[in-house]
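1. okay, predicted coordinates and the sequence, questions at the end:
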Amino acid sequence: MRARDKVALALAGALIAAAPAAAEAAAPRPADTVFRNGYVRTVDARDSVRQALAVRRGKIVYVGSNRGAKAWIGKRTRVVDLRGKMVMPGLHDAHVHTLMGGSGLTSCNLNYEPLTTEQFQQRIQACLDRTSAKEPDGWLEVGNWYRQAMKPAGTDATRATLDALRTSRPVTVRSSDGHSSLANSKALELAGITAQTPDPAGGRIDRDAAGEPTGILEDAAGGLVRDLVPPPDADDNVAALRATLDAFRREGVTAFMDQGSSDAVASAYATLRRRGELTARVALAPGVSRALAARSARAAVAPVLAMRKRWETGPIGVRPGLRVRNVGEVGQDGVLQAPAQTASFLTPYFVNVGSDEAPKWVPGRDRGPDPYWPLQDLADVTALLMRHGITPEVHAIGDRAVRHTLDAFQIARKRSGSRLPLSISHAESVDPRDVPRFKRLDVLPAMAFQWAKPSFDSIDAAKNELGPKRFARTEPIGTLWNAGAQVAVGSDWPVDTLDEWLLLQVGITRENPEGGRYRGRLGSSPLLPRRAAIEAITRNAARVMHMDLQTGSLERGKLADLIVLDRNVMRVPAKQIRRTKVLLTMVGGKVVYDAKRDR
Ligand SMILES: [Zn+2]
């Protein structure tokens, strides 16, 4: 908030407090909608709770008592009796992959299920059979493969797994974390990947004992194959993003940051907007090219500025639009889970030097790759972006990648003199010495809260490999919050099913509701208070997207982006938060989802 606005708001507040009659008199024109008898969680600077809220022309004109709201009710005002229900700002998700998510909802999809090799093959065969018109050479892309959870434990897939299918089509399967791809022999052949192919920068071609490619392609190596897949056409994209927006409305998401946005994505959102179907605020976050950055920061930033010029729909207003104030998909490392272990750490991963029956885990030699960006390049690009009012959200998971990113941010902040908020997504492992730097450098961690629970990913695929100390401090959500960081939410959908309410519950409890062998709390990072979790998914995530002056809290003058819930997530037992149902979603004063109407 700018100082001027602060003064104005403070003055307005003082006037209302001192002379409510005068404030009411200053409201000659009735509101379009008045919500009464509610638990209105404003998420304002004082975290105040009110009873009523009035909306006029897409903006909040009043937040306060039932009595005060009366002055806003006219003949045509829609009056909603909340009967004690909770109202809060619409959810803001600062890290989602919306085209991947939307096409997952509309195409061949393994649905994050732990599968045996046979089930894996059956599911993909079914997709092939459904689209058999594409034989013999149309590509099949498969998504949301939960690679780490293949059954029985330790099972992995290779190109042979896919070669056994009844097809001559090239097939590629993407892991749900987005970092690994699997290709069949036909796909490898088309991509020209052989034993002689060198690993590309920022990626790895997995090879067997004889040096032959196994079909597994890590990070940038996956692109060698995926780049050959003809891109979906404009209609496919519109259909996928329509499915995304529908899912968001039901979930209560009113604003989001799309990672690595392409022109194709922007164009599809622009189409949906023209047709009046855009029901959330879109923060497009195109990527920046490491190769161009090696030439010059200016060369790397130019395409981002071109995107802004082409797609921005103007200032944030009542009607949802598109903005380009962020850069995303700036990858510093991969993932920390075995078998990939592509997260960049300060100290080595542990290895088992004992046996399976009598394991003995000790530090090995591999501490993951060096952070993918040269320090100076990242600092240069960040500083230049900030001068243009754009900030990067950098993907960093291992503590070395996090430190390296903070180092680059420190240089960039000093050089640009900019006060815009910076952001690191995931930050799953932060060295204790770097924890206070988030506050100091105004870097918002955009955390996928749902990862902070005992699960296959955190326990089976990471616990031993991280070693006890490092494991204890993973997913440092509460640690960062306690150190004054403005923790934000970035769910990373579709890495997991879209479920912002489970995400909030896990952020607060650090427990897996499935229990069983995953019962108990993850690690030793302190629990996040509920109010902090709510703030993370509203005001703080809005700040990451440069929307916090207009959205993210329910205050007079802000846009009416809000949700009504079937339960009070501040009061129900924490274990019930994940069952929360959104009853109504409003964006810019317009009801875009009503549970009764849109079942
Ligand atoms: Zn992501």
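-> Alright, I've got the coordinates. Numbers count the residues shown, from 1 in each chain.
2. assign the most centrally placed residue in the chain to one of the three secondary structure states.
-> In the chain, the residue lying closest to the centroid (C-alpha atoms, centre = their mean) is H95, at 2.4 Å. Secondary structure, DSSP: H, G, I helix; E, B strand; the rest coil: H95 is strand.
3. measure stretch 38-48 end to end?
-> One end of stretch 38-48 to the other measures 13 Å (C-alpha to C-alpha, to the nearest Å).
4. repeat that for stretch 162-179.
-> Stretch 162-179 end-to-end distance (C-alpha to C-alpha) = 19 Å.
5. mind listing residues that contact the helix or strand A270 falls within?
-> Under the criterion of DSSP states H and E, A270 resides in helix 263-274. Here helix 263-274 makes contact (C-beta atoms under 8 Å, 6 or more residues apart in numbering) with 98-99, 231-232, 234, 237-238, 240-242, 245, 258, 278, 282, 284, 307, 310-311, 313, 320-322. No exception for glycine: its C-beta is placed from N, CA and C like everyone else's.
6. can you pull out the strands in the stretch 401-550 of the chain?
-> Applying DSSP state E, counting those that start in this stretch to the stretch 401-550 of the chain gives strands spanning 422-426, 443-447, 488-489.
7. again with the stretch 251-400 of the chain
-> Under DSSP E, counting those that start in this stretch, the stretch 251-400 of the chain gives strands at 253-259, 281-285, 322-323, 326-331, 350-352, 361-363, 391-396.
8. ok, back up a step: among the contacts of helix 263-274, which are in helices?
-> Judged by DSSP state H, the contacts of helix 263-274 include T98, L99, A234, N237, V238, A240, L241, R242, L245, M307, R310, W311 as members of helices.
9. and the second one, how far from A293?
-> Using C-beta to C-beta, to the nearest Å, we find L99 at a distance of 24 Å from A293.
10. ok, now the fourth one?
-> Taken as C-beta to C-beta, the spacing of N237 relative to A293 amounts to 27 Å.
11. so A396 touches S423, yeah?
-> No. When contacts are counted by C-beta atoms under 8 Å, A396 is not listed as touching S423 (10.3 Å).
12. those two: which is more packed in?
-> More neighbours surround S423 than the other of A396 and S423, with 32 against 29 (other C-beta atoms under 10 Å).
13. so who does the more buried one touch?
-> A94, N326, T391, P392, E393, V394, V443, L444, P445, A446, A488, V544 are the contacts of S423 under C-beta under 8 Å, 6+ apart.
14. tell me what it is bridged to.
-> As for beta bridges, S423 partners with E393, L444 under DSSP bridges.
15. per-residue pLDDT, it?
-> At S423, the pLDDT value in this model is 98.
16. from R571, how far out is it?
-> Taken as C-beta to C-beta, the span from S423 to R571 is 31 Å.
17. and for R367?
-> 45 Å.
18. higher neighbour count, those two?
-> Neighbours were counted for R367 and for R571 using other C-beta under 10 Å; R367 has more, 18 against 10.
19. so who does the more buried one touch?
-> Counting by C-beta under 8 Å, 6+ apart, R367 touches S344, F345, L346, T347, P348, Y349, G398, R400.
20. now do the phi/psi pair for it.
-> For R367, the backbone dihedrals (degrees, to the nearest 10) come out as phi -110, psi 20.
21. what separates the residue nearest to D548 when sequence neighbours are not counted from R325, distance-wise?
-> Excluding its sequence neighbours, the residue lying closest to D548 (C-beta to C-beta, 6 or more residues apart in numbering) is A542, at 4.2 Å. A542 sits 12 Å away from R325, taking C-beta to C-beta as the criterion.
22. more crowded one of those two?
-> Using other C-beta under 10 Å, the more surrounded residue of A542 and R325 is A542, with 28 against 21.
23. test my guess that that one contacts G552.
-> Yes. If you go by C-beta under 8 Å, A542 and G552 touch, sitting 2.9 Å apart.
24. leaving out the residues flanking it, which one is nearest to L224?
-> Nearest one to L224, counting by C-beta to C-beta, 6+ apart, is A191 at 4.8 Å.
25. show me what contacts that neighbour?
-> So A191 contacts A183, L224, V225, L228 (C-beta under 8 Å, 6+ apart).
26. can you add neighbour count and give these back as JSON lines?
-> Formatted as JSON lines, the contacts of A191 follow (neighbours: other C-beta atoms under 10 Å):
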{"residue": "A183", "neighbour count": "29"}
{"residue": "L224", "neighbour count": "21"}
{"residue": "V225", "neighbour count": "24"}
{"residue": "L228", "neighbour count": "15"}
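27. strands - which of those residues land there?
-> Among the contacts of A191, the members falling in strands (DSSP state E) are A183.
28. so how far is E251 from A448?
-> Separation of A448 from E251 (C-beta to C-beta): 15 Å.
29. re the thing from before, mind putting the strands of the stretch 251-400 of the chain in TSV, distance to L498 and mean pLDDT included?
-> Shown next, in TSV, are those (distance: least, C-beta to C-beta, whole Å; pLDDT from 0 to 100):
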stretch	distance to L498	mean pLDDT
strand 253-259	8	98
strand 281-285	16	98
strand 322-323	21	98
strand 326-331	18	92
strand 350-352	33	96
strand 361-363	35	97
strand 391-396	19	97
